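[1] Predicted model, plus sequence, below.
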Amino acid sequence: MISNEELLQVLQKLTDVDPAERRTAAEALSAADERAIYPLIRLLRDDNPGVQDAAMRSIISIGGEVTAYMALPLLRETPFLRNTARIILRQIGRPSVALLRPLLADKDDDVRTFAVDLITDIGDCDYPAEIARLLETDQNQNVRASAARAIGTLGYREGIPALLVALKDNEWVCFSALEALALLKDESSVDQVLSLLESPSETLRYAAIETLGNIGSSRSSSALLSRISKSSDIEKTAIIKSLVQIGITPSMAQVGDLLLEMYTSGEWNERLIALTGLADLKDKRAVPVILDIAGSLDPSDPESEERLHAVREALMRFGCTPPLIEVLRDPAVKFRSQVVAIEIIGELQCEEAIPALISVMDGDLREVRRASILALARIRGTKALQALRACIEDRDGHVRNAAISALGQIGDKASFPLIMDHIVRENYQDVLEVTVRALLMIDPPVLFSKRDTLSPAIREIIARYAGSPDMLLVLSEDSEAGVRLAALSGLGRFPDERCRARLQKAVRDADPEARKLAVSALGSMNCCFDDIKTALKDNDQWVRLSAVRVLGDSGAPDAAKSIIPLLYDKEVPVVMATIDALIQLGSGEAVTLGALQNHQDPAVRERVAQILERV
């Protein structure tokens, strides 16, 4: 909040000859209180657009009922100030609504219209019945039209009788009433809306047809179907769109053509309707067209993600059709379109597409090739598995990764010797890890029996991912330090007596890294705290630190007493870890930490000061 002295200084700058100074002053007032509102409102009349904009933004920033009240008179000013006032009141939101109520009875038609439109924009009102009365009684058509829209936006169902009467009003008001009924989705209004299909106005008929689609009642389907043959092209398209929304796609001539045209030329809300209709008809001509537009969507865009989901849902309903498979053989098709088609083929487990999936593996597009691997994995079967095995030696690491991972998840024993033979030639660490994990999933005993023929790097990966305590116990005695350490770390996942005994032994290992990992692993077992406490006196600071953290997490009754001496450890990281552990154990009292207020390290002093201030 701006101080009184600063406020006076800033207000003086509002009259500066330099517009840059006035704009800066107006921006600064965004942090002021109601005293700045009137000067800012005056500044809206400034001849510099930048100053006007800054003033408007600051008024909105101050907000509140007082600001809304002082902005109301601007609704009677010049068009620019009226529009500015509407922006301000709309942005202030709920506090404006109560102040707009008296304006519903204003003598000025424009002011009444502005008031109703603002309530609609804000979307909140506790006197909707008064707005419904305007629809019934106001002499101005703009006010009545605005009132109709407001009833729909506010969801005021008690206003439906007034909306039905408004369907007999002039065309402008009738349009707004139809819009409101579409929002309210009221089935009781279907008959009155259907009567508008006989209107001499094509525009009004079109609006009525759209409303029936939005209401979504099957009661209107017969009337809409009967009108198709005698309608113009534009009206016919609207009828088909509405029928699709209702859930009835007519299987008659030209319907597929109209839906295809809607999908290729319409906005996305229309395309989504067309997708549903085309899927209902299972018009196979639509498959490449749907995929072509889907290929132009960026999957990383949230809006595109929703649209791609709708495309996939529609294509799934077509089933495994020849046009879907032919997309893979057409070099002119966008690569993203091919990826979508391949994903659908995989979900449908389309065996007849296997030759096409294998053929695209000869291409250079990584995403297409990788998608084919994933599709083959979902299809499975003899031919699919053969194709996956052939990719174990693929030139592209990403493709090898996907193929080997898939074979592992499937548990394909026939691929085991092929993967085992490949493992010594794999150059990429991430693919090597996937390869080892796949072998562990397919046949862990056979892999383990060959461990002596494998490099230390591969044995270390086995130790990281092994799912058997027997394997880890053996590897924890390996001649290579990296393998031993990985195995010791994994033993914490298996709280049986043999694993505990091996970790207890490792707490006294010559390698400090082994001691540290053993302490952490025992902590994850939530056992052997006497062994962990011995590590508090270890000559390696990181072993001591690990022991402190484990005891802090343990919640053991005497854990705090055991670690208090480490508040005076010579290593700052251990001291800091001990402070945090004591806080976690509920023992961070002033009497415990007070002696550290004069610690030689500033970080320790600052941490203790923060804690003591809270205590």
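    Noted; the coordinates are in hand.
[2] switch to C-alpha atoms for all contacts and neighbour counts from now on
    Noted.
[3] Could you verify my assumption that Tyr69 touches Leu99?
    Yes: Tyr69 is within contact range of Leu99, at 6.7 Å (criterion: C-alpha atoms under 8 Å).
[4] which SSE is the nearest residue to Glu460 once chain neighbours are set aside in?
    Using C-alpha to C-alpha, 6 or more residues apart in numbering and skipping the chain neighbours, the partner closest in space to Glu460 is Val483 (4.3 Å). Val483 belongs to helix 481-491 when assigned by DSSP states H and E.
[5] which regions of the chain lie under the pLDDT threshold?
    1, 252-253, 587-591, 615 (pLDDT under 70).
[6] Let's check: the centremost residue of it is which one?
    With distances taken as C-alpha atoms, centre = their mean, Pro302 lies nearest the centre of the chain, 7.1 Å away.
[7] quick one, phi psi at Asn539?
    phi -80, psi 0 (degrees, to the nearest 10).
[8] repeat for Cys320
    Torsion angles, degrees, to the nearest 10, at Cys320: phi -80, psi 80.
[9] Pro573 versus Ser61, what's the distance?
    Using C-alpha to C-alpha, to the nearest Å, one gets 46 Å for the distance from Ser61 to Pro573.
[10] Compare these two (neighbour count), which wins?
    Shown here are Ser61 and Pro573; by other C-alpha atoms under 10 Å, Ser61 has more neighbours (19 against 15).
[11] in what helix or strand does the more buried one lie?
    helix 49-62.
[12] With just CA atoms, put that helix into CSV.
    Taking C-alpha atoms only, helix 49-62 is exported to CSV below (Å, rounded to 0.1, in the frame of the first residue of the first chain):
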residue,chain,number,x,y,z
PRO,A,49,-4.0,6.8,-24.8
GLY,A,50,-1.2,5.4,-22.7
VAL,A,51,-2.2,7.5,-19.8
GLN,A,52,-5.9,6.6,-20.2
ASP,A,53,-5.0,2.9,-20.2
ALA,A,54,-2.8,3.2,-17.1
ALA,A,55,-5.5,5.0,-15.3
MET,A,56,-8.1,2.3,-16.2
ARG,A,57,-5.8,-0.5,-15.1
SER,A,58,-5.1,1.2,-11.7
ILE,A,59,-8.8,1.8,-11.1
ILE,A,60,-9.5,-1.9,-11.7
SER,A,61,-6.6,-2.8,-9.4
ILE,A,62,-8.0,-0.7,-6.6
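[13] That one: how far from the chain's middle?
    Put simply, helix 49-62 sits 33 Å off its chain's centre (C-alpha atoms, centre = their mean, to the nearest Å).
[14] and it, what does it pack onto?
    helix 19-28, helix 37-43, helix 79-92 (3 or more C-alpha pairs under 8 Å, 6 or more residues apart in numbering; DSSP states H and E).
[15] Could you pull out the buried residues of that helix?
    50-62 (16 or more other C-alpha atoms under 10 Å).
[16] Also stretch 567-586?
    By neighbour count on 16+ other C-alpha under 10 Å, the buried set for stretch 567-586 is 567, 569, 572, 574-582, 584-585.
[17] do the same with stretch 132-140
    For stretch 132-140, by 16+ other C-alpha under 10 Å, it's Ala132, Leu134, Leu135, Glu136, Asp138.
[18] Can you list the neighbours in contact with that stretch?
    Leu104, Asp109, Val143, Arg144, Ala145, Ala147, Ala148, Ile151, Gly159, Ala162, Leu163, Ala166 (C-alpha atoms under 8 Å, 6 or more residues apart in numbering).
[19] do that again at 7 Å, thanks
    Asp109, Arg144, Ala147, Ala148, Ile151, Gly159, Ala162 (C-alpha atoms under 7 Å, 6 or more residues apart in numbering).
[20] Now rank those by neighbours and give me the top one.
    Most surrounded of the contacts of stretch 132-140: other C-alpha under 10 Å gives Ala147, at 34 neighbours.
[21] could I get the helix or strand following the helix holding Ser61 in CSV with only the CA atoms?
    Downstream of helix 49-62, the next assigned helix or strand under DSSP H and E is helix 64-71. Output in CSV follows, covering the C-alpha atoms of helix 64-71 (Å, rounded to 0.1, in the frame of the first residue of the first chain):
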residue,chain,number,x,y,z
GLY,A,64,-14.2,-2.7,-4.6
GLU,A,65,-17.7,-1.3,-4.3
VAL,A,66,-16.6,2.3,-3.8
THR,A,67,-14.7,2.2,-7.1
ALA,A,68,-17.6,0.6,-8.9
TYR,A,69,-19.9,3.3,-7.5
MET,A,70,-17.7,6.1,-8.7
ALA,A,71,-17.4,4.6,-12.2
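[22] now the angle between helix 481-491 and the helix or strand containing Val519, please.
    Using DSSP H and E, Val519 maps to helix 512-525. Angle between the axes of helix 512-525 and helix 481-491 is 10 degrees (criterion: axes from the mean of the first three to the mean of the last three C-alpha atoms, to 10 degrees).
[23] Tally up the residues packed near Gly123, please.
    16.
[24] With adjacent residues omitted, what lies nearest to it?
    Leu154 (5.9 Å).
[25] Now for the chain: which helix has the highest residue count?
    helix 302-318 (DSSP state H).
[26] C-alpha coordinates for whatever helix or strand comes next after that helix, CSV please?
    Going down the chain from helix 302-318, the next helix or strand is helix 322-326, by DSSP H and E. Provided in CSV are the C-alpha atoms of helix 322-326 (Å, rounded to 0.1, in the frame of the first residue of the first chain):
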residue,chain,number,x,y,z
PRO,A,322,-8.7,-50.5,-45.3
PRO,A,323,-8.5,-46.7,-45.5
LEU,A,324,-6.9,-46.5,-42.1
ILE,A,325,-4.2,-49.0,-43.1
GLU,A,326,-3.7,-47.4,-46.5
